[in-house]
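[1] sequence plus the predicted model coming up.
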Amino acid sequence: MLITIRLRALLSAVAMVGLLSSPATYAQPDNAELLEKLDFLQQQIDVLKQQLADTQSQAVETDAKVEAVADVVESAPAASTEPRKTTIGGYGELHYNNLSAEDPSRDVEVIDFHRFVLFFGHEFNEKTRFYSELELEHSFVADSGGDTPGEVELEQAFVEFDLRPGLYSRAGLFLLPVGILNETHEPPTFYGVERNDVENIIIPSTWWEAGAALNGRLGSSWNWDLALTSGLQIPTTGSNAFRVRSGRQKVAKALASDGAVTGRLRYLGIPGLQAALTVQYQFDPSQEANDGLDDGTLVEAHIDYRHAGFGLRALYARWDFSGEAVEAAGADKQTGWYLEPSYRLNKKIGFYTRYEQVEAARNRDRFDQWEMGLNWWPSENVVIKFDYRDRSHDLASEFGRDFSGIDLGLGYSF
């Protein structure tokens with residue numbers, strides 16, 4: 001724009017010079033005055049020529065700088081638009097148990113830092129994520145050959161992929177979609193110092209396997225899970241014969257000749273309610289052919305409801321095994337259920353009671369138990385627990401195992 005204006009001024013001046021140089025102009029009476037004007041106009045023309053030359057030089061220099069900047073930008077690596085986010089969390093719980101049994105030799109009075117767990121997660125991009133859970137049980141693990149209860153366990157390590165809205169998959173090591181506590185078991189989320197026995201013996205929580213899964217939503221009220229994973233290795237002899245909890249392989253060089261398939265359907269259409277049905281089929285729960293334990297099916301159903309301080313959890317689970325050996329031992333049908341009403345007075349205090357019944361493979365795992373207690377949350381993610389338990393076993397051969405007593409607990413999550 002500036003160059004154009006100055007060019008027009010220069011042309012106007014040239015035109016004026018031509019006009020003044022014409023015979024008509026020199027016909028005017030005062031030639032000295034005209035010569036003075038011509039000299040002044042010539043000076044203005046010289047100034048405009050110099051300004052035009054300077055402007056053109058600046059334009060060339062500016063173009064060179066722009067081109068140099070463009071070259072730098074083009075040669076620089078492209079900035080990543082993918083998010084990079086790593087998260088850390090965890091939970092822990094300290095237990096004190098003081099239980100008096102009918103047989104005094106079976107009394108229990110212990111304090112134990114039961115679990116210390118760390119979560120690590122990472123978001124590779126908006127559609128791909130990683131989750132893991134590393135746990136230390138009972139405070140420490142001794143050197144090889146030491147006699148301590150401690151264990152270090154990798155409970156989760158999987159990658160999750162978004163396939164499309166409402167559908168995603170995961171692959172790796174993950175918690176199975178069964179029961180209430182198996183996937184959500186941080187201490188501030190449940191009542192009682194110890195986890196309920198149905199989701200310990202019948203559903204062997206915490207229970208993880210390796211494999212792949214699909215998870216999806218059906219409208220706004222339903223979602224579903226389908227998983228193909230490694231299976232159990234339930235012993236068929238010894239003191240733990242046909243005991244489901246003793247069959248967890250924990251994906252530690254796990255036998256994989258026969259796996260399992262798990263399906264779950266959940267209803268979430270009512271505020272505060274979760275209702276679910278899970279079915280799992282074990283192709284060979286002992287991982288050994290012709291040993292009298294051929295296959296197994298788990299059916300589990302539960303509700304978890306909360307409204308205006310009132311809460312109710314109810315769960316039923318049943319295993320059906322086939323095979324001559326398991327049927328002869330009377331362990332082909334193993335069941336458990338519990339009912340747990342609760343009431344939360346406010347954000348800090350809540351009370352509960354629970355009745356549960358377990359009918360599993362071994363005599364020690366056949367009992368009913370009453371429990372009552374309270375939780376105090378000084379913070380949303382910190383809880384102090386107290387409860388009283390009374391357990392009665394079914395069979396006379398288990399005389400002396402019946403007990404009653406108290407539990408105290410401290411738990412947190414972050």
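    Yes, it's here. Numbering: from 1, shown residues only.

[2] per-domain residue ranges of this structure.
    If you go by automatic domain parsing, the domain ranges for the chain are 2-75, 115-353.

[3] so which strand or helix has the residue nearest the centre of the chain?
    Centroid-nearest residue in the chain, with Cα atoms, centre = their mean: Y131, separated by 5.7 Å. In the assignment (DSSP states H and E), Y131 maps to strand 128-137.

[4] just checking: what are the partner strands of the helix or strand just after that strand?
    Later in the chain than strand 128-137, the nearest helix or strand by DSSP H and E is strand 151-164. Strand 151-164 pairs in its sheet with strand 128-137 (antiparallel), strand 167-175 (antiparallel), by DSSP bridges.

[5] any chance of the ones you listed in CSV, plus distance to I270 and mean pLDDT?
    From N, CA and C alone the C-beta is placed, and that goes for glycine too. Below are the strands paired with strand 151-164 laid out as CSV (distance: least, Cβ to Cβ, whole Å; pLDDT from 0 to 100):
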stretch, distance to I270, mean pLDDT
strand 128-137, 28, 97
strand 167-175, 24, 98
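
[6] among the ones you listed, which is nearest N363?
    In terms of Cβ to Cβ, the element of the strands paired with strand 151-164 nearest to N363 is strand 128-137, at 26.0 Å.

[7] quick one: contacts of the closest one?
    Around strand 128-137, the neighbours that count as contacts under Cβ atoms under 8 Å, 6 or more residues apart in numbering are 114-124, 149-162, 174.

[8] can you select the buried ones among the residues you listed for me in ChimeraX?
    Buried members of the contacts of strand 128-137, defined by 16 or more other Cβ atoms under 10 Å, are picked up in ChimeraX with:
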select :114,115,116,117,119,120,121,123,153,155,156,157,158,160,174
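
[9] about what we covered before: chain center to the strand holding Y131: distance?
    9 Å (Cα atoms, centre = their mean, to the nearest Å).

[10] tell me how many other residues surround D295.
    Residues lying near D295 (other Cβ atoms under 10 Å) number 16.

[11] tell me the confidence at it?
    Residue-level confidence at D295 comes out at 98, pLDDT.

[12] tell me how far the residue nearest to E151 when sequence neighbours are not counted lies from A227.
    In space, and not counting its chain neighbours, E151 is closest to E137: 4.5 Å by Cβ to Cβ, 6 or more residues apart in numbering. The gap separating E137 from A227 is 25 Å, by Cβ to Cβ, to the nearest Å.

[13] which one of those two has more residues nearby?
    A227 (22 against 17).

[14] which strand residues sit across from the closest residue to that one other than its chain neighbours in the sheet?
    Distances taken as Cβ to Cβ, 6+ apart put A213 closest to A227, at 3.8 Å, once the chain neighbours are dropped. Counting by DSSP bridges, A213 is bridged to R170, A227.

[15] what do you get for Y131?
    Per DSSP bridges, the residues bridged to Y131 are G121, F158.

[16] report the angle between the axes of the helix or strand containing G216 and strand 167-175?
    Element membership for G216 (DSSP H and E) is strand 208-218. For strand 208-218 against strand 167-175, the angle by axes from the mean of the first three to the mean of the last three Cα atoms, to 10 degrees is 150 degrees.

[17] what's the burial count for the closest residue to K347 other than its chain neighbours?
    Excluding the flanking residues, the one nearest K347 by Cβ to Cβ, 6+ apart is W377, at 6.6 Å. Neighbourhood size, W377 [other Cβ under 10 Å]: 18.

[18] name the residues that touch stretch 249-261?
    153-154, 173, 208-211, 226-233, 280-285, 287.

[19] from those, list the buried ones, please.
    Buried by 16+ other Cβ under 10 Å: 153, 173, 208-211, 226-227, 229-233, 280, 282, 284-285, 287, out of the contacts of stretch 249-261.

[20] what mean pLDDT does stretch 236-255 get?
    pLDDT averaged over stretch 236-255 gives 96.

[21] oh sorry, the question was meant for stretch 190-205
    Rounded mean pLDDT across stretch 190-205 is 98.

[22] how far does it stretch from start to finish?
    End-to-end distance of stretch 190-205 (Cα to Cα, to the nearest Å): 14 Å.

[23] for T148, see how far away the residue nearest to E151 is.
    As defined by Cβ to Cβ, E137 lies at a distance of 10 Å from T148.

[24] so which elements touch the strand holding G216?
    Contact analysis of strand 208-218 by 3 or more Cβ pairs under 8 Å, 6 or more residues apart in numbering; DSSP states H and E lists strand 167-175, strand 222-230 as its packing neighbours.

[25] go through the ones you listed and name the closest to I88.
    strand 167-175 (18.7 Å).

[26] would you put the C-alpha positions of the closest one in CSV?
    The C-alpha trace of strand 167-175 is given here as CSV (Å, rounded to 0.1, in the frame of the first residue of the first chain):
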residue,chain,number,x,y,z
LEU,A,167,-17.8,-50.8,22.9
TYR,A,168,-14.3,-51.4,24.2
SER,A,169,-12.0,-54.4,24.7
ARG,A,170,-9.2,-55.3,27.0
ALA,A,171,-6.3,-57.8,26.9
GLY,A,172,-3.8,-58.9,29.5
LEU,A,173,-4.3,-59.8,33.2
PHE,A,174,-7.5,-58.5,34.7
LEU,A,175,-10.1,-59.1,37.5
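
[27] ok and that strand relative to strand 222-230, angle-wise?
    Counting by the same axes, to 10 degrees, strand 167-175 points 50 degrees away from the direction of strand 222-230.

[28] in strand 167-175, what's buried?
    Counting neighbours by 16+ other Cβ under 10 Å, one finds that the buried residues in strand 167-175 are Y168, S169, R170, G172, L173, F174, L175.

[29] and which of the residues you listed is nearest R391?
    L175 (27.3 Å).

[30] what are the bridge partners for that closest one, then?
    Under the criterion used here (DSSP bridges), L175 is bridged to W208.
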